[in-house]
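>>> heads up, no residue letters with this:
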């Protein structure tokens, strides 16, 4: 396969290449699509609505059409569709019974809704014109941003999508307030000589259009499968004991991450089984304050210092209920300080690598060479003799060491000639340094 001549258009989910005869070949690649679909009702036919098909265009724009051509269509076919002015070219992604599910999700009633039509399958000339229009999108977007900045408009143009016939372009923009872009549309029409459609989107929609990878390492949810955006509040983060750090809770759209809502209901249900511990628990050791809660494990951590998380001890939800019952009767809980000191329980987590030792970043070869150098420069002191017995000085330096004799008063203070270790006497605890003459005598 010749990968050099292939163009992977991930914004539309297709692979474009030109064969040996010069004809453009476009293949559907559902794996890199934004809002990709899986036909889990494949093979199930619905005769009443069998002519309904879902057609995708650039990024996340998808529309349901009615097939009026009489041609047999399948997923991956390029079709010419009805547009407000002219025609558009899209790729069929779904057909059959699963399209009714998509209609229900979009609140579309197939009985009364006026679906636009699919005229026919795309021909080679249609594909050539479509690719020429796509090639103009990036340069048009850059120039459109310059024109908007020249007029001083408080708006950001995030994307430009050309219609399949190249006669119309959709400009997606973001603005916090209402923008008067009447003059901007005139400038666009004079500059690009096409029909203009301005479409305002939010920050989440922009992230879905652009795409990317989240902190989890997976594609953004808004570009992969999310089409309906629900409001996200900080209460969903609080119930999960997440740190209220805007830099960690915000996604690429600078809004709260959509995934915060995924497990919020689970945490809310789990919190219902935990007792209220806003008031401190009264032990014989003192007042214990709640400093941390493991919601899913049902464990509550307390500390005798309200503003310090040191010396925490865990209690289950049942134990907290029992201690609160004792406090209401005027009794105090059993002491927990001695229990926590004498417990041999290991923590539920361990530090990865070599803990907090910064030397773990050094390579093994460098560390070994340093250790060897220390051993060469360090002597080992010997033991001195007692009661007029000769003590053996075991100190050897990096370049030879001396064997020195000790006496009853000065014991074993051996030192090598160069780099030797130091020995200390047992009686006077002072260093003895003997030369060769004293050792011979």
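Good, I have the coordinates. On a predicted model such as this, the values are computed, not experimentally measured, just so you know.

>>> Mark out where each domain of the protein begins and ends.
If you go by automatic domain parsing, the domain ranges for the chain are 7-123, 234-272, 281-342, 361-441.

>>> Columns mean pLDDT and mean neighbour count on top of those, output as CSV?
Yep, even glycine has a C-beta here, placed from its N, CA and C like the rest. Rendered in CSV, the data for the domains of the chain read as follows (pLDDT from 0 to 100; neighbours: other C-beta atoms under 10 Å):
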stretch, mean pLDDT, mean neighbour count
domain 7-123, 84, 16
domain 234-272, 86, 14
domain 281-342, 81, 15
domain 361-441, 44, 16
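
>>> a markdown table for those domains, including distance to residue 203?
As requested, those are arranged in a markdown table below (distance: least, C-beta to C-beta, whole Å):
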| stretch | distance to residue 203 |
| --- | --- |
| domain 7-123 | 14 |
| domain 234-272 | 4 |
| domain 281-342 | 30 |
| domain 361-441 | 39 |
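
>>> And these: which comes nearest residue 138?
Each of the domains of the chain was scored for nearness to residue 138 using C-beta to C-beta, and the closest is domain 7-123 (10.7 Å).

>>> so how far is that closest one off the chain centroid?
If you compare the mean C-alpha spot of domain 7-123 with that of the full chain, they lie 32 Å apart, counting by C-alpha atoms, centre = their mean, to the nearest Å.

>>> how long is it from one end to the other?
One end of domain 7-123 to the other measures 19 Å (C-alpha to C-alpha, to the nearest Å).

>>> tell me which element the residue lying closest to residue 153 once chain neighbours are set aside falls in.
Leaving aside its sequence neighbours, residue 153 sits nearest to residue 179 (C-beta to C-beta, 6 or more residues apart in numbering; 5.6 Å). Element membership of residue 179, judged by DSSP states H and E, is empty: it is in no helix or strand.

>>> and what of residue 44?
Residue 44 belongs to no helix or strand when assigned by DSSP H and E.

>>> how about the helices in the stretch 1-150 of the chain?
Using DSSP state H, counting those that start in this stretch, the helices assigned to the stretch 1-150 of the chain run over residues 98-105, 124-135, 137-150.

>>> Can I get those helices in CSV including distance to residue 91?
Conversion of the helices of the stretch 1-150 of the chain to CSV gives the following (distance: least, C-beta to C-beta, whole Å):
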stretch, distance to residue 91
helix 98-105, 15
helix 124-135, 11
helix 137-150, 17
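
>>> Of those helices, which is nearest residue 252?
If you check each of these against residue 252 by C-beta to C-beta, helix 137-150 wins as the nearest, at 18.9 Å.

>>> what helices or strands is the closest one leaning on?
strand 156-162, strand 168-174, helix 182-192 (3 or more C-beta pairs under 8 Å, 6 or more residues apart in numbering; DSSP states H and E).

>>> I'd like the average pLDDT over the second one.
Strand 168-174 shows a mean pLDDT of 92 in the predicted model.

>>> now swap in the first one and tell me
Across strand 156-162, pLDDT averages out at 91.

>>> Could you work out the end-to-end span of stretch 116-133 for me?
The first residue of stretch 116-133 is 22 Å away from its last residue (C-alpha to C-alpha).

>>> Oops, could you answer that again for stretch 304-320 instead?
Distance between the two ends of stretch 304-320: 15 Å, counting by C-alpha to C-alpha.

>>> Please apply the same query to stretch 102-111.
End-to-end distance of stretch 102-111: 14 Å, with C-alpha to C-alpha as the criterion.

>>> Return the residues in contact with the nearest residue to residue 209 once chain neighbours are set aside.
Take residue 209 and drop its neighbours on the chain: the residue closest to it by C-beta to C-beta, 6+ apart is residue 59, 4.6 Å away. The contact partners of residue 59, taken as C-beta atoms under 8 Å, 6 or more residues apart in numbering, are 11-12, 34, 159, 161, 208-209, 211, 223.

>>> give me every residue that touches residue 326.
Under the criterion of C-beta under 8 Å, 6+ apart, the contact partners of residue 326 comprise 332-333.

>>> try 6 Å
Contact criterion C-beta atoms under 6 Å, 6 or more residues apart in numbering gives residue 333 as the residues in contact with residue 326.

>>> mind checking how far it is from residue 303?
Distance, residue 326 to residue 303, using C-beta to C-beta, to the nearest Å: 19 Å.

>>> can you give me phi and psi for the residue nearest to residue 209?
Backbone torsions of residue 59, given as degrees, to the nearest 10, read phi 60, psi -120.

>>> which residue is nearest the middle of the chain?
Within the chain, the residue whose C-alpha comes closest to the C-alpha centroid is residue 215; the distance, by C-alpha atoms, centre = their mean, is 1.4 Å.

>>> For burial, what's the neighbour tally of residue 189?
Taking other C-beta atoms under 10 Å as the neighbour definition, residue 189 ends up with a count of 12.

>>> Could you report the pLDDT at it?
90.

>>> ditto for residue 353
With respect to pLDDT, residue 353 has a value of 48.

>>> list the contacts for residue 34?
The neighbourhood of residue 34, defined by C-beta under 6 Å, 6+ apart, consists of 59-60, 223.

>>> can you check residue 211 too?
The contact partners of residue 211, taken as C-beta under 6 Å, 6+ apart, are residue 223.
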